[in-house]
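Enquirer: Give me a 3D structure for the following:
(one chain, ligands or ions: 2)
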Amino acid sequence: MQALVDRLRRPDARITVLTGAGVSAASGVPTFRGADGLWKNFRPETLATAEAFGRDPKLVWEWYAWRRSLIAACDPNPAHRVLAEWSRRFENFRLITQNVDGLHESAFAEATARQAGPSDVIRLHGSIWEVSCWQGCAKSPARWRDETLSFAELPPRCPHCGGMVRPGVVWFGETLEPDVVQQASDATECEVFITVGTSAIVYPAAGFITAARQNGAFTVEINPEATAATHTVDLALTGGAEKLLPDIDRQISA
Ligand code: BJW
Ligand code: ZN
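Expert: Ligands and ions are numbered 1, 2, ... in the order given. Have a look, this model is predicted:
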């Protein structure tokens, strides 16, 4: 722990944090895998793929509408707040998230009194608060924000062509946006790389941990459980992000 704290005491330290569902667990957002995870009751291939959407768009939308309502009732927790504060404190801080819930962005807006932009939070898997036209009709933008909690019909309709819209998230088998991947890849050129609350099994996200190590970063994991990354990092801290991140923050401020 001291090795990490010493590195974080420099305001010009180049720090990158990669988060996953576990960072939002203390806010009440279910993770995907594990005992209480979303995949316990739902099979990914029936809900989180384009094939599943093509087969049964109403079922997929019911799942996303349920998750939207659940997330809308959640607030950022101390882990999101520390990371938002670090984005102000450190000159060279990058935050990459696999999460689609928008809680990093909410914490960032609270800490900085401005909305988070794409370079403040690098969102690998999109946003549950965005949608796009399933047909990709010519008149519609690539995606747009829609925070509706009770849709008049499921699937909701594209205002531009009347076809279906889909959630603005990245499903299995879909390619991530190339500029987002590039930004995340650039962020692995850092001195300290901290992976927080991810099982580190979904790619390309998990590969950024390896890339950071290969780029010479001191790599750290924060997670209550052992993961695919635990034995590859320089320092594995066992515990919840909502406790450990504020602990680290207190130590670097002391
Ligand atoms: C706590 C805690 C607390 C609990 N504090 N922690 C290379 C190798 C092998 C496979 C592939 C590869 N490249 C691509 C693939 C295929 C695939 C993949 O990775 N498959 C693996 C499962 C093997 N990847 C893709 O398909 C990606 N696309 C792609 O690469 O395109 C190129 C391509 C195209 C076609 C063919 C091949 C390549 C896209 C991946 C999209 C993932 N989408 C989802 C759904 C998003 C939408 C939605 O939300 O509905 O993203 S799946 C789901 O997993 C979601 C998450 O972002 C992602 C990661 O999950 P995460 O965040 O790690 O959550 P959990 O639940 O797994 O873990 C939570 C952790 O928190 C646990 O460790 C807990 O212990 C911990 N925790 N409480 C701190 N308080
Ligand atoms: Zn359309």
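
Enquirer: Could you identify the helix or strand that succeeds the strand ranked longest in the chain?
Expert: Criterion DSSP state E: the longest strand present in the chain is strand 126-133. As assigned by DSSP states H and E, the chain's next helix or strand after strand 126-133 is strand 144-145.

Enquirer: tell me the average confidence for the next helix or strand after that following strand?
Expert: On the C-terminal side of strand 144-145, the nearest following helix or strand under DSSP H and E is strand 165-169. Per-residue pLDDT values across strand 165-169 average out to 98.

Enquirer: ok, and the closest non-adjacent residue to P167?
Expert: In this structure, P167 finds its nearest non-sequential neighbour in Y64, 4.8 Å apart by CB to CB, 6 or more residues apart in numbering. For the C-beta atoms, the positions are set from N, CA and C on the backbone; glycine is no exception.

Enquirer: picking up where we left off before, what's in contact with the longest strand of the chain?
Expert: Here strand 126-133 makes contact (CB atoms under 8 Å, 6 or more residues apart in numbering) with 64, 67-68, 71, 100-102, 140-147, 156, 158, 160-161, 163-170.

Enquirer: quick one: V17 is in a helix?
Expert: No: V17 is assigned strand when assessed by DSSP: H, G, I helix; E, B strand; the rest coil, not a helix.

Enquirer: Any figure for the gap between it and ligand 2?
Expert: 36 Å (CB to the ion, to the nearest Å).

Enquirer: For that residue, the count of nearby residues, please.
Expert: 27 (other CB atoms under 10 Å).

Enquirer: OK, contacts around it?
Expert: Going by CB under 8 Å, 6+ apart, V17 touches 83, 86, 93-96, 193-196.

Enquirer: If we use 10 Å, what do you get?
Expert: Neighbouring residues of V17 by CB atoms under 10 Å, 6 or more residues apart in numbering: 23, 79, 82-83, 86-87, 93-97, 104, 187, 190, 192-196, 220, 222, 241, 245.

Enquirer: Mind listing the residues bridging to it?
Expert: Taking DSSP bridges as the rule, V17 bridges to L95, I194.

Enquirer: how about the residues of the stretch 151-254 of the chain near ligand 1?
Expert: 169-176, 197-199, 201-204, 222-225, 227, 240-242 (CB under 6 Å from any ligand atom).

Enquirer: what do you get if the cut-off is 5 Å, keeping everything else the same?
Expert: Residues of the stretch 151-254 of the chain lying close to ligand 1 by CB under 5 Å from any ligand atom are 169-170, 172-173, 175, 197-199, 202-203, 223, 225, 227, 240-241.

Enquirer: Let me know the closest of those to L47.
Expert: Nearest to L47 out of these is F172 (CB to CB; 10.0 Å).

Enquirer: Tell me how many other residues crowd G240.
Expert: 18.

Enquirer: Quick check: the gap between the residue lying closest to it once chain neighbours are set aside and L244.
Expert: Spatial nearest neighbour of G240, excluding adjacent residues (CB to CB, 6+ apart): P224 at 5.7 Å. Per CB to CB, to the nearest Å, P224 is found 9 Å from L244.

Enquirer: circling back: who touches the residue nearest to G240 in this structure?
Expert: Contacts of P224 (CB under 10 Å, 6+ apart): 22, 25, 34, 197, 237-241, 243-244.

Enquirer: And it, how close does it get to L176?
Expert: Distance from P224 to L176, by CB to CB: 27 Å.
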